[in-house]
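Q: based on what follows, work out the 3D shape:
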Amino acid sequence: ELIFIGGAMAAFPIFYAVIENDLRRVLAYSLINQVGFMVVGIGIGTALSINGAVAHAFNDLLFKGLLFMTMGAVMYRTGKINATDLGGLYKSMPWTCGFCIVGAASISAFPLFSGFVTKSLILSAASHEGYYVVWAILLFASAGVFHHSGIKIPYFAFFAHDSGLRPKEAPTHMLLAMGLTAFLCIAVGVYPAPLYALLP
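A: Below you'll find the predicted structure:
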């Protein structure tokens, strides 16, 4: 059944993402996790869950795209992407760091960020329809995402130990793209009404 397949998709990649060193792969595992939320929403099949799944697909494009862009900027400037090779980049790439934190907060479903709106819809639908085990799995998956995408990626890339790398800030066109996406992540979280207007 789709509900339990989605639950497995949401939870299983967490274990791999936690031990992964390549930050792009961490995001790739996180992508599977987010699709799991959508599959659960489709599987439940109520108006609330379907709307949550559709809205979450839109949101995932925003915050996952933002995180991939920030890691792309880091790799472009440093030539490195492994967590153990990075650190201390907030000193020389502060804008990229800030945009990464916005993406991390969004995917972690912090209040007033985009992920909070849509994950809440799916979790509420699961609880309302009596899928309490799936609800608990999704809650665990949300905590896992907070760990590996919300904390691990910005911490190891921009903080952690100082790698000694002092690259230039990302190019202007990259910063503009990241800035626009970060703005949308916050705007949808603060005022989700336009997003709801797009739903069937």
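Q: quick one: neighbours of the nearest residue to E129 once chain neighbours are set aside, just the number.
A: Closest residue in space to E129, ignoring its immediate chain neighbours: I44 at 5.6 Å, by CB to CB, 6 or more residues apart in numbering. For glycine as for every other residue, the C-beta is placed from the backbone atoms N, C-alpha and C. I44 is flanked by 22 other residues according to other CB atoms under 10 Å.
Q: which residues touch A141?
A: With contact set as CB atoms under 8 Å, 6 or more residues apart in numbering, A141 has these partners: 7, 10-11, 14, 33, 36-37.
Q: would you list those residues in JSON lines and tack on secondary structure?
A: Below are the contacts of A141 laid out as JSON lines (DSSP: H, G, I helix; E, B strand; the rest coil):
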{"residue": "G7", "secondary structure": "helix"}
{"residue": "A10", "secondary structure": "helix"}
{"residue": "A11", "secondary structure": "helix"}
{"residue": "I14", "secondary structure": "helix"}
{"residue": "N33", "secondary structure": "helix"}
{"residue": "G36", "secondary structure": "helix"}
{"residue": "F37", "secondary structure": "helix"}
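Q: which of these lies closest to G144?
A: The nearest member of the contacts of A141 to G144, counting by CB to CB, is I14 at 3.3 Å.
Q: the closest one reaches G144, doesn't it?
A: Yes: here I14 reaches G144: they are 3.3 Å apart, a contact under CB atoms under 8 Å.
Q: any idea how far F63 is from I137?
A: 21 Å (CB to CB, to the nearest Å).
Q: just Y131 next, same as before
A: Going from Y131 to I137 by CB to CB gives 9 Å.
Q: on that earlier part again, out of F63 and I137, which sits in the busier spot?
A: F63 (29 against 22).
Q: where's the more buried one, which helix or strand?
A: Assigned by DSSP states H and E, F63 falls within helix 47-78.
Q: following that helix, which helix or strand comes up?
A: Toward the C-terminus, helix 47-78 is succeeded by helix 94-107 as the next helix or strand (DSSP H and E).
Q: next structured bit after that following helix?
A: helix 114-128.
Q: average model confidence for stretch 142-156?
A: Averaging pLDDT along stretch 142-156 gives 90.
Q: mind listing residues that contact that stretch?
A: Residues contacting stretch 142-156 (CB under 8 Å, 6+ apart): 11, 14, 17-18, 20, 23, 26-27, 29-30, 33-34, 67, 71, 83-84, 86-87, 97, 100-101, 104-105, 107-110, 119, 123.
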